[in-house]
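> Predicted coordinates and the sequence they were generated for:
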Amino acid sequence: MSPVDLHTHSSRSDGTFTPEELVRYAAAKGLAAIALTDHDTVEGIGEALEAAQKLRKETAGPVPEVIPGVELSTEYKGKDVHIVGLFIDWKDPAFTEKLREFADARTYRNRKMCRLLTEGGYDVPYESLEAAFPDTVITRAHFAQYLLNNGMISSIDEAFSKLIGDDCPYFVPREKISPADAVRFVRQYGGVAVLAHPLQYKMTDAALRLLVSSLCKAGLAGIEVYYSGYKPSDTAYLSRIAGEFGLFVSGGSDFHGTRKKNLDLGSGYGHLYVPYSVLEAIRERNRKVIDHETR
């Protein structure tokens, strides 16, 4: 069976492909399924589902399944920790209203960063930034692109290393929920919660296990074992943790279109392969949880 990619982004957050372009590219890559997991928004899911439906009418070939998802930014002991929600009830009004609250916190942060940058000699009016990237959840990647497009820096890397990276003068953290709250939120709206790219947080083994243990109590269901850039030893290590805590394994490329150089959908930096069996196991796990909760 063809592989899957359960962590992708579209232009509705900080990716460069529209949801439709993402679905069509996934079909061209021969993927069996993709999860659209934009940052703090589900605005692109309807478009992605429609694109898949349209593609089925246009071609006799296989069309990837689109799994509704979201990636939530949280804070844990000073670290930015991400929780991916899969199979969420993305049409629930209460769910989308809560996501709007997350977006509002991001907007407040972005306005403050614009003011600081402008005061520091980098002219970034919020209205101009918003106009340059319409219908998206604006992230620091958009700030970097705006600065580059307007000749204020020479590269995206320069933006993050000197201006808007975590320890840089124009970075403003935004109010975030805890990872446990994010897990409970995903579960509340019918989804399965996955700890995203755990090695990105650069924790010790003991610290990572403590985090996983605490999230399991909140309802964590899975952990990203397959991820772009992971070595076989990384995957083996995270697989052991998943097994010890009774979690399913998940994985994806974290594809952002052209924004992440040399990182491709489905294959990451060339060696990523997430088997279809991973999706089958997640689907079965979610079905059992839903059946149990509705008895």
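Perfect, thanks for sending it. Residues are numbered from 1 along each chain as shown.

> just the strands in the stretch 51-200 of the chain please.
Taking DSSP state E, counting those that start in this stretch as the test, the strands found in the stretch 51-200 of the chain are 65-76, 79-86, 192-195.

> Can you list the helices and strands that the last one packs against?
With contacts defined as 3 or more Cβ pairs under 8 Å, 6 or more residues apart in numbering; DSSP states H and E, the packing partners of strand 192-195 are strand 79-86, helix 179-188, helix 205-218, strand 222-227, helix 276-293. From N, CA and C alone the C-beta is placed, and that goes for glycine too.

> Tell me which strands that strand pairs with, and in which orientation.
Looking at strand 192-195 with DSSP bridges, its partner strands are strand 79-86 (antiparallel), strand 222-227 (parallel).

> Could you identify which of the ones you listed has the lowest mean pLDDT?
Mean pLDDT per stretch puts strand 79-86 lowest among the strands paired with strand 192-195, at a mean of 93.

> just to revisit the earlier point, quick one: which of the strands of the stretch 51-200 of the chain is nearest Arg240?
Closest to Arg240 of the strands of the stretch 51-200 of the chain, according to Cβ to Cβ: strand 192-195, at 14.5 Å.

> ok now that closest one, how far from the chain's centre?
For strand 192-195, the separation from the chain centroid amounts to 11 Å (computed by Cα atoms, centre = their mean, to the nearest Å).

> Just give the nearest non-adjacent residue to Asn110, would you?
Using Cβ to Cβ, 6 or more residues apart in numbering and skipping the chain neighbours, the partner closest in space to Asn110 is Ile138 (5.4 Å).

> Please verify my assumption that that neighbour contacts Ser128.
No. The criterion here is Cβ atoms under 8 Å, and Ile138 misses it with Ser128 at 11.6 Å.

> Which of those two has more residues huddled nearby?
Regarding Ile138 and Ser128, a neighbour count based on other Cβ atoms under 10 Å identifies Ile138 as having more, with 23 against 12.

> quick one: contacts for the closest residue to Lys260 other than its chain neighbours?
Sequence neighbours aside, Asp254 is the residue nearest to Lys260 in space, at 7.4 Å (criterion: Cβ to Cβ, 6+ apart). By Cβ atoms under 8 Å, 6 or more residues apart in numbering, the contact set of Asp254 is His7, Thr8, His9, Ala196, His197, Tyr227, Ser228, Lys260, Leu263, Gly268.

> what's the first one in contact with, if anything?
When you say that, I think you mean His7. If you count contacts by Cβ under 8 Å, 6+ apart, then His7 has 35, 37, 69, 71, 84, 196-197, 224, 227, 250-255 around it.

> Closest one of the residues you listed to Ala94?
Nearest to Ala94 among the contacts of His7: Gly69, at 17.8 Å, using Cβ to Cβ.

> What about the closest one, how many residues nearby?
That count, for Gly69 with other Cβ under 10 Å as the rule, works out to 26.

> try Arg115
Arg115 has 15 nearby residues by other Cβ under 10 Å.

> and the gap between it and Tyr122?
Distance of Arg115 to Tyr122, given as Cβ to Cβ, to the nearest Å: 11 Å.

> Let me know the secondary structure of Tyr230.
Secondary structure of Tyr230, reduced to three states by DSSP: H, G, I helix; E, B strand; the rest coil: coil.

> Which residue, other than its chain neighbours, is closest to Gly246?
Cys216 (7.6 Å).

> pretty sure the one you found contacts Leu247?
Yes. Using Cβ under 8 Å, Cys216 makes contact with Leu247 at a distance of 7.3 Å.

> okay, these two: which has more neighbours?
Between Cys216 and Leu247, Leu247 has the larger neighbour count (other Cβ under 10 Å), namely 23 against 17.

> Can you pull the phi/psi pair for that one?
With angles defined as degrees, to the nearest 10, Leu247 sits at phi -100, psi 150.
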